[in-house]
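Visitor: can't give you the sequence, but here's the structure:
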């Protein structure tokens with residue numbers, strides 16, 4: 001974890017799905033830069049409270065909020081933003097991280113399993129970004145705080161460009177997220193709103209622990225990573241805090257892949 005800084009002091013941030021893993025690391029990293037943070041969770045209240053407790057003890061900002069919200073529900077997203085604005089005055093940074101997997105071969109995937117992943121991973125990102133943009137425009141520019149009207153960061157995946165058999169719903173949601181992010185940039189960049197994505201590769205989180213926690217699984221995973229290393233959640237947090245800061249002011253409408261080179265298709269190293 002990076003050392004405390006002040007690049008985001010005076011700002012406030014919502015991080016969806018921040019009770020564990022990548023979301024928790026992002027919330028911690030942004031808090032260490034001085035921003036007030038809302039920790040959002042859907043079912044893991046204990047994890048969210050642990051993230052919030054860490055922030056309270058290790059950051060230079062105030063105590064975070066902990067708010068339960070299903071990001072696929074528009075009314076709950078509105079309440080997430082309303083409570084954050086009531087506590088911190090506004091929202092300057094919105095990080096859409098909440099996501100899920102329900103994996104099946106396509107011919108065995110039910111419509112409900114398809115729809116739930118799309119609802120959370122793509123529609124949820126739309127609802128959170130929409131609420132953020134409305135708040136940015138209502139509040140107006142805070143020139144002494146940031147050079148941008150507001151910052152939106154989507155947490156995507158290398159599977160926004162790498163097909164993934166058995167995970168068609170997940171890969172489709174991430175591919176769609178690319179167009180959502182770029183369309184937001186195209187529409188709102190003239191208003192000084194920045195919107196970007198972070199696409200993690202193989203990161204050590206609970207969702208893939210059954211793979212990286214065994215020697216066989218690690219060796220199989222490392223064959224996909226030219227850099228020869230499985231990523232850590234903190235490495236995503238560092239990129240997110242930079243994207244939220246004025247140091248990345250001219251970065252807009254793009255995806256930053258944090259994957260150790262996975263998108264370079266290492267299977268072709270020996271001529272395919």
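Guide: Alright, I've got the coordinates. Only a predicted model underlies this, so the values are computations on that prediction, with no experimental measurement involved.

Visitor: When you work out contacts or count neighbours from here on, use the C-alpha atoms and nothing else.
Guide: Noted.

Visitor: which parts of stretch 72-83 are buried?
Guide: Burial within stretch 72-83, assessed by neighbour count using 16 or more other CA atoms under 10 Å, is assigned to 72, 74, 76, 77, 78, 80, 81, 82.

Visitor: So what touches that stretch?
Guide: Contacts to stretch 72-83, defined as CA atoms under 8 Å, 6 or more residues apart in numbering, come from residues 67-71, 91, 119-120, 123-124, 127-128, 131-132.

Visitor: can you tell me the average pLDDT over that stretch?
Guide: Stretch 72-83 carries an average pLDDT of 98.

Visitor: One more: stretch 90-107?
Guide: 97.

Visitor: Endpoint to endpoint, that stretch covers what distance?
Guide: Start and end residues of stretch 90-107 are separated by 46 Å (CA to CA, to the nearest Å).

Visitor: Now do it: distance to the chain's middle.
Guide: Distance of stretch 90-107 from its chain centroid, counting by CA atoms, centre = their mean, to the nearest Å, is 8 Å.

Visitor: Likewise for stretch 33-41?
Guide: Using CA atoms, centre = their mean, the offset of stretch 33-41 from its chain centre is 13 Å.

Visitor: what comes up buried for it?
Guide: 33, 34, 35, 36, 37, 38, 39, 40, 41.

Visitor: so what's residue 210 up against?
Guide: By CA under 8 Å, 6+ apart, the neighbours of residue 210 are residue 217.

Visitor: Could you check which helix or strand contains it?
Guide: Residue 210 is part of helix 209-212 when elements are defined by DSSP states H and E.

Visitor: about what we covered before: tell me which of the buried residues of stretch 72-83 is nearest to residue 54?
Guide: Nearest to residue 54 among the buried residues of stretch 72-83: residue 80, at 21.1 Å, using CA to CA.

Visitor: Who are the packing partners of the helix or strand containing residue 13?
Guide: Using DSSP H and E, residue 13 maps to strand 12-15. In terms of contacts (3 or more CA pairs under 8 Å, 6 or more residues apart in numbering; DSSP states H and E), strand 12-15 is packed against helix 21-32, strand 36-41, strand 93-96.

Visitor: could the ones you listed go into a markdown table alongside distance to residue 180?
Guide: Output for the helices and strands packed on strand 12-15, formatted as a markdown table (distance: least, CA to CA, whole Å):
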| stretch | distance to residue 180 |
| --- | --- |
| helix 21-32 | 20 |
| strand 36-41 | 22 |
| strand 93-96 | 12 |
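
Visitor: okay, and the helix or strand of the protein with the least pLDDT?
Guide: When each helix and strand of the chain is scored by mean pLDDT, DSSP states H and E, helix 209-212 comes last, with a mean of 74.

Visitor: Next, the buried residues of it.
Guide: For helix 209-212, by 16+ other CA under 10 Å, it's 211, 212.

Visitor: what's the spacing between that helix and its chain's center?
Guide: 21 Å.

Visitor: Same check on stretch 165-176?
Guide: Worked out by CA atoms, centre = their mean, stretch 165-176 lies 17 Å from the chain centre.

Visitor: ok, and what's touching it?
Guide: Stretch 165-176 is contacted from outside by 100-106, 113-115, 117-118, 121-122, 156-157, 159-164, using CA under 8 Å, 6+ apart.

Visitor: Ranking by neighbours, what's the top pick from the contacts of stretch 72-83?
Guide: Using other CA atoms under 10 Å as the neighbour criterion, residue 71 leads the contacts of stretch 72-83 with 30 neighbours.

Visitor: Now do the residue lying closest to that one once chain neighbours are set aside against residue 59, distance only.
Guide: Excluding its sequence neighbours, the residue lying closest to residue 71 (CA to CA, 6 or more residues apart in numbering) is residue 124, at 4.7 Å. According to CA to CA, residue 124 stands 28 Å off from residue 59.
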